[in-house]
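Asker: All I have is the shape, not the residue letters:
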């Protein structure tokens, strides 16, 4: 049995994306160990259904860019010592690193030199993350240095995975060979998100939903401000905010200040297996990100036939095209107008729901999983479904 090590600055098994990839490899006959952060109450080491989890004495807090960078540095220092030691003990044939931080892959230098394969799966592009977080231009020294770090990290990997075709073009454009970069979208597992399991819509009112980690850059405030603008026109409006995060307290305070008591409901964290019934009971899903990404929540709404209003971002439009309504990131007025349009036009809701679901089915996890496994077996391939907007050559 081939042994694999996942390395992630995050929590396991909480992160669905990492858990889903581990399950795919385990079902294919691999043994998957995980090196990750340690949440309060979790043991430092434990067996799970696919292998062993090793947890670092480090927790994840989003409290500013300085903390973000310090956390990355501490993580890399810890894995720099532990990855070679675990490899020497467990003899991993493959090591898969989830970035950021991309440069954690340098901890696998010795295993790679000794014949182990390495995979770098980039969740967020570091140059764009720094530019957004620090308000810097593309030509700034810090952003350029992040691009160099990305390219150097990718050079150490046999395969580089990204979540969308736009991200692939960005990585290739910064110098990573195109034949090494594949895109593997983060989509819901049909075993949980199945249209056949949808419950009848029993909620009263017009339900607008957004979910995920509650961070300011995820646009939660824009949804609340749009709700305040929408409320006089939609008397039965209900807004569900599902998830946890350090921005929750501020978001709840904003909701109170906007007079959204009885309208905005903060449901907190829900287990992943309980998320699909909530999505199925919403009338509209909102993806209000203020930064470029192709998030799992978008595929979850579309998979269950919910019409979506999304921030107009290159990664989203590249895949979903005109199957969504869009608004400029950070613009609650246009978001409110799009929601009002959907509220007043049931036929438009149905058409967008059908078109979005058709896109989501082209990226079903059963298909993406095979592309993910093929990338491990053959070193490339990735997902081949055509995006809604024709791809350009990198």
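Answerer: Here it is on my side, so go on. Bear in mind the structure is a predicted one, so any value in this text is a computation, not a measurement.
Asker: Give me the nearest residue to residue 111, chain neighbours excluded.
Answerer: Leaving aside its chain neighbours, residue 111 sits nearest to residue 87 (4.4 Å; criterion: C-beta to C-beta, 6 or more residues apart in numbering). Placement of C-beta: from N, CA and C, glycine included.
Asker: any idea how far the one you found is from residue 238?
Answerer: 51 Å (C-beta to C-beta, to the nearest Å).
Asker: wouldn't the residue nearest to residue 111 be in contact with residue 95 here?
Answerer: Yes: applying C-beta atoms under 8 Å, one finds residue 87 in contact with residue 95, separated by 7.1 Å.
Asker: more neighbours, these two?
Answerer: Shown here are residue 87 and residue 95; by other C-beta atoms under 10 Å, residue 95 has more neighbours (27 against 21).
Asker: show me the contacts for the more buried one.
Answerer: By C-beta atoms under 8 Å, 6 or more residues apart in numbering, the contact list for residue 95 reads 4-5, 7, 83, 87, 105, 108, 111-112, 116-119.
Asker: let's see it at 7 Å
Answerer: Contacts were defined as C-beta atoms under 7 Å, 6 or more residues apart in numbering; by that measure residue 95 touches 5, 7, 108, 111, 116, 118.
Asker: can you check residue 15 too?
Answerer: residue 8.
Asker: returning to what we had before: which two from the contacts of residue 95 end up farthest apart in space?
Answerer: Distance extremes for the contacts of residue 95: the farthest pair is 7 and 116 at 12.6 Å, using C-beta to C-beta.
Asker: Looking at the two, which one has more neighbours?
Answerer: residue 7 (25 against 19).
Asker: Could you report the distance from the residue nearest the centre of the chain to residue 278?
Answerer: For the chain, the residue nearest the mean C-alpha position is residue 295 (4.5 Å; C-alpha atoms, centre = their mean). Note on residue 295: its distance to residue 278, by C-beta to C-beta, is 16 Å.
Asker: And residue 315, by the same measure?
Answerer: Residue 315 is 24 Å from residue 278, where distance means C-beta to C-beta.
Asker: Show me which of the two is the more surrounded one.
Answerer: The residue with more neighbours, out of residue 315 and residue 278, is residue 315; 24 against 18, by other C-beta under 10 Å.
Asker: Check for me that that one belongs to a helix.
Answerer: Yes: using DSSP: H, G, I helix; E, B strand; the rest coil, the assignment for residue 315 is a helix.
Asker: how close does it get to residue 292?
Answerer: For residue 315, the distance to residue 292 (C-beta to C-beta) stands at 5 Å.
Asker: Stretch 293-310 spans what distance, first to last residue?
Answerer: 11 Å (C-alpha to C-alpha, to the nearest Å).
Asker: actually stretch 27-42, not the one I wrote
Answerer: OK, stretch 27-42 end separation, C-alpha to C-alpha: 25 Å.
Asker: Pull the distance from that stretch to the chain's centre.
Answerer: Remark: stretch 27-42 is offset 18 Å from the chain centroid, using C-alpha atoms, centre = their mean, to the nearest Å.
Asker: Contact partners for the residue nearest to the centre of the chain?
Answerer: So residue 295 contacts 287, 289 (C-beta under 7 Å, 6+ apart).
Asker: From residue 77, how far out is it?
Answerer: Taken as C-beta to C-beta, the span from residue 295 to residue 77 is 30 Å.
Asker: What of residue 333?
Answerer: 46 Å.
Asker: cool, residue 321 as well?
Answerer: 44 Å.
Asker: now do residue 278
Answerer: According to C-beta to C-beta, residue 278 and residue 77 sit 40 Å apart.
Asker: Residue 111 too?
Answerer: On the measure of C-beta to C-beta, residue 111 and residue 77 end up 18 Å apart.
Asker: ranges for the helices of the stretch 101-250 of the chain?
Answerer: With DSSP state H, counting those that start in this stretch, the ranges of helices along the stretch 101-250 of the chain come out as 109-113, 126-134, 141-156, 165-173, 220-230, 248-257.
Asker: quick one: which of the ones you listed is nearest residue 300?
Answerer: Closest to residue 300 of these, according to C-beta to C-beta: helix 220-230, at 16.3 Å.
Asker: Just checking the distance from the closest one to the centre of its chain.
Answerer: 23 Å.
Asker: and the spatially closest residue to residue 127 that is not a sequence neighbour, what does it touch?
Answerer: Spatial nearest neighbour of residue 127, excluding adjacent residues (C-beta to C-beta, 6+ apart): residue 146 at 4.2 Å. Going by C-beta under 7 Å, 6+ apart, residue 146 touches 126-127, 130.
Asker: Dump those residues to TSV, plus neighbour count.
Answerer: Formatted as TSV, the contacts of residue 146 follow (neighbours: other C-beta atoms under 10 Å):
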residue	neighbour count
126	21
127	22
130	21
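Asker: Quick one: these as TSV, columns for pLDDT and distance to residue 53 too.
Answerer: Compiled in TSV, the contacts of residue 146 are given as follows (pLDDT from 0 to 100; distance: C-beta to C-beta, whole Å):
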residue	pLDDT	distance to residue 53
126	78	26
127	81	31
130	72	30
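Asker: Return the closest of the residues you listed with respect to residue 365.
Answerer: Relative to residue 365, the closest of these is residue 126; by C-beta to C-beta it sits at 26.6 Å.
Asker: quick one: contacts for the closest one?
Answerer: By C-beta under 7 Å, 6+ apart, the contact set of residue 126 is 100, 102, 146, 149-150.
Asker: list the buried ones in the lengthiest helix in the chain?
Answerer: Secondary structure assigned by DSSP state H gives helix 65-90 as the longest helix of the chain. If you call a residue buried by 16 or more other C-beta atoms under 10 Å, then helix 65-90 has these buried ones: 68, 71-72, 75-76, 78-79, 82-84, 86-87, 90.
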